[in-house]
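Trainee: need a 3D model of the following:
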Amino acid sequence: MKNSEMTREQRYRMMTETPVSRLIPRLAVPTIISMLVTSIYNMADTFFVSQINTSASAAVGIIFSLMAMIQAVGFTLGMGGGNYISRTLGKRDDEMAERIAATAFFTAIFVGFLMTVSGILFLDRLVLLLGATETIAPYARDYAQYILLGAPVMTGSFVMNNLLRSQGFAFYAMIGITTGGILNMILDPIFIFGFGMGISGAAIATVLSQCISFFILLSQCMLRKGCIRLRFRRISLKPSMYGEILHAGLPSLCRQGLASAAAVALNLAANPFGDAAIAAMSIVTRYMMFINSALIGFGQGFQPVCGFNFGAKRFDRVLDAFWFCLKVAVVLLTSLGLISFLGARPIISVFRREDMDVIQIGMWAMRFQCLALPLQAWIIMCNMLTQSIGYGFRASILAAGRQGIFLLPALAVLPRLFGIPGLQLCQPIADVGSAILAAVIVSGVLKELKQWASEQEA
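Mentor: The predicted model follows:
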């Protein structure tokens, strides 16, 4: 029976009874496609803008940290609300699920509006704080002003995407995200070169595409049979509601918020080495995000299964789902890492063929990161497990590890000591530290789940 025809009771049985080896891929494939398309159109911005010049290419990397801040709001409220909804639906409390959805969505719109107003008011100061040099700043301003206008739409879209996935509607979430992504790739060259708008055209194309995604996702939330509706009157301003959402979403805030801080720190660390270093690290960051997006998409197919079954006290299925996903993730990242290591030079050359400094710096940065890539399978799956079952504090520490606890100190020290090689080694060193941290934290969680599963069998 198709998702659109399922009752909530039928979806409950699907989430708690279908073998995880069949259920997770079914939910993950649409999400993987959504994540890949999102990453592809992020790379499309980088690719088309890179054809202008190196400073424009670097400007996209500078404003990436701003977009990461916007995403942090959307993911915090979206993942927090979505994971809370999964556990609530596992307990069959539909009324509470509606309150969670409305609170997360409308709060995201409001916070996005505040980001628009404050960002535009302090735009010149903002781009410098994000790490722009004097030659990059004009391009960064042109790009950022339009991205900021789209902040409320972006935050709302991220929330709706996660709310749909948390209910088992991953396919319909994919439609909204991929339509916007494909449209963005089509509009980029038209606005940048056809209309002669330069880097501003890339930003306008992104915002227009995000608006299309927003309205498609909104129609799915409001019209899809069996889906929780987004009703303004269902908003709950109770501290306990926000406490639960933020508790579940805090790992996403740590992950995305620190990703933004790390992007700023990376730009500042690369700043002394010139525009070529900023552009190279920006290209590598976008490409590695593309690879990781496949893993994150797969993991997001795991999260609703994990949340539903934890809420239904099916701890055996939580463990089965975790180990299944970890095995698949290790194989996936090892394969992609090997391909990317061998093809590092031609991959970087696609973006800035004319600038040998960009190619050389980016090639070795990519190769170093590929060596540590399989570790991210363990890091990300551990983070998603702890977040999905409501272990917010431990999940937050894990989320803070890769982009904060280990990366920020590395960026502060290694480039100063070893120059560009130090800059290139920061991320893989942070990955090693994060993998060790995950092993320490999650071993206790896995023991608890195994014990509870054994008690149920007895």
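
Trainee: tell me how far the host helix or strand of Leu326 is from the chain's mean position?
Mentor: Taking DSSP states H and E as the criterion, Leu326 maps to helix 315-342. Helix 315-342 has its C-alpha centroid displaced from the chain centroid by 18 Å (C-alpha atoms, centre = their mean, to the nearest Å).

Trainee: for the nearest residue to Ile291 once chain neighbours are set aside, what are its contacts?
Mentor: In space, and not counting its chain neighbours, Ile291 is closest to Leu336: 5.1 Å by C-beta to C-beta, 6 or more residues apart in numbering. C-beta: built from backbone N, CA, C; applies to glycine. Leu336 makes contact with Ile291, Ala294, Leu373 under the criterion C-beta atoms under 8 Å, 6 or more residues apart in numbering.

Trainee: re earlier: for the following helix or strand past the helix holding Leu326, which outside residues touch it?
Mentor: Toward the C-terminal end, the helix or strand that comes next after helix 315-342 (DSSP H and E) is helix 344-351. Identification of contacts with helix 344-351 by C-beta under 8 Å, 6+ apart yields 46-47, 50, 57, 280, 283-284, 287, 340, 358-359, 362-364, 366-367, 370.

Trainee: show me which of those are buried.
Mentor: Neighbour-count burial (16 or more other C-beta atoms under 10 Å) is assigned, among the contacts of helix 344-351, to 46-47, 50, 57, 280, 283-284, 287, 340, 358-359, 362-364, 366-367, 370.

Trainee: tilt between the helix or strand hosting Met69 and helix 344-351?
Mentor: Per DSSP H and E: Met69 is located in helix 54-90. Angle, helix 54-90 to helix 344-351, by axes from the mean of the first three to the mean of the last three C-alpha atoms, to 10 degrees: 100 degrees.

Trainee: how far off centre is the next helix or strand after helix 54-90?
Mentor: For helix 54-90, the following helix or strand on the C-terminal side (DSSP H and E) is helix 94-121. Distance, stretch centre to chain centre, for helix 94-121: 18 Å (C-alpha atoms, centre = their mean).

Trainee: packing partners of helix 94-121?
Mentor: Helices and strands touching helix 94-121, by 3 or more C-beta pairs under 8 Å, 6 or more residues apart in numbering; DSSP states H and E, are helix 54-90, helix 137-149, helix 151-166, helix 239-252.

Trainee: what is the neighbour count of Ile52?
Mentor: For Ile52, the neighbour count with other C-beta atoms under 10 Å is 17.

Trainee: actually, Leu268.
Mentor: Neighbours around Leu268, by other C-beta under 10 Å: 16.

Trainee: gap between it and Val127?
Mentor: 13 Å (C-beta to C-beta, to the nearest Å).

Trainee: tell me the buried residues in stretch 193-205?
Mentor: Met197, Gly198, Ile199, Ser200, Gly201, Ala202, Ala203, Ile204, Ala205.

Trainee: likewise stretch 92-100?
Mentor: Buried residues in stretch 92-100 (16+ other C-beta under 10 Å): Met96, Ala97, Glu98, Arg99, Ile100.

Trainee: tell me who's in contact with Met174.
Mentor: Per C-beta under 8 Å, 6+ apart, neighbours of Met174: Pro30, Thr31, Ile33, Ser34.

Trainee: which residues does Gly201 contact?
Mentor: So Gly201 contacts Asp188, Ile190, Phe191, Ile192, Phe193, Phe195 (C-beta under 8 Å, 6+ apart).

Trainee: and which of those residues is nearest Arg22?
Mentor: Nearest to Arg22 among the contacts of Gly201: Asp188, at 37.6 Å, using C-beta to C-beta.

Trainee: where's the closest one, which helix or strand?
Mentor: Applying DSSP H and E, one finds Asp188 within helix 170-189.

Trainee: pass me the low-pLDDT residue ranges in the protein, would you?
Mentor: Across the chain, the ranges flagged by pLDDT under 70 are 1-8, 41, 458.

Trainee: could you rerun that using 50?
Mentor: Along the chain, the model assigns pLDDT under 50 to residues 1-5.

Trainee: can you tell me the closest non-neighbouring residue to Lys313?
Mentor: Sequence neighbours aside, Gln456 is the residue nearest to Lys313 in space, at 7.0 Å (criterion: C-beta to C-beta, 6+ apart).

Trainee: run a quick neighbour tally on Phe418.
Mentor: 12.

Trainee: kindly provide the distance from it to Ile283.
Mentor: To Ile283, Phe418 is 21 Å away according to C-beta to C-beta.

Trainee: before we move on, what about Ser50?
Mentor: For Ser50 relative to Ile283 (C-beta to C-beta), the value is 8 Å.

Trainee: intersection of neighbour lists for those two?
Mentor: Listed contacts common to Ser50 and Ile283 are Ser57, Phe351, Arg352; contacts here mean C-beta under 8 Å, 6+ apart.

Trainee: my read: the first one touches Ser50, true?
Mentor: Yes: at 4.0 Å, Ser57 and Ser50 qualify as touching, with contact defined as C-beta atoms under 8 Å.

Trainee: now do the shared contacts for the two.
Mentor: Ala279, Ile283, Phe351, Arg352.

Trainee: may I ask which of the residues you listed has the most neighbours?
Mentor: Counting by other C-beta under 10 Å, top hit in these: Ala279 with 31 neighbours.

Trainee: ok, that residue touching Gln360?
Mentor: No: using C-beta under 8 Å, Ala279 is not in contact with Gln360, being 12.0 Å away.

Trainee: give me the neighbour count for the nearest residue in space to Ile228 that is not next to it in sequence.
Mentor: Leaving aside its sequence neighbours, Ile228 sits nearest to Ala101 (C-beta to C-beta, 6+ apart; 4.8 Å). Counted with other C-beta under 10 Å, residues neighbouring Ala101 total 30.

Trainee: for the contacts of Gly201, work out which two are farthest apart.
Mentor: Asp188 and Phe195 (11.1 Å).

Trainee: ok, Leu183 - contacts?
Mentor: Listed by C-beta under 8 Å, 6+ apart, the contact set of Leu183 reads Leu208, Ser209, Ile212.

Trainee: what of Leu319?
Mentor: Leu446, Leu449, Lys450, Ala453.

Trainee: measure Met222 to Gly112 for me?
Mentor: Applying C-beta to C-beta, the value for Met222 to Gly112 is 19 Å.
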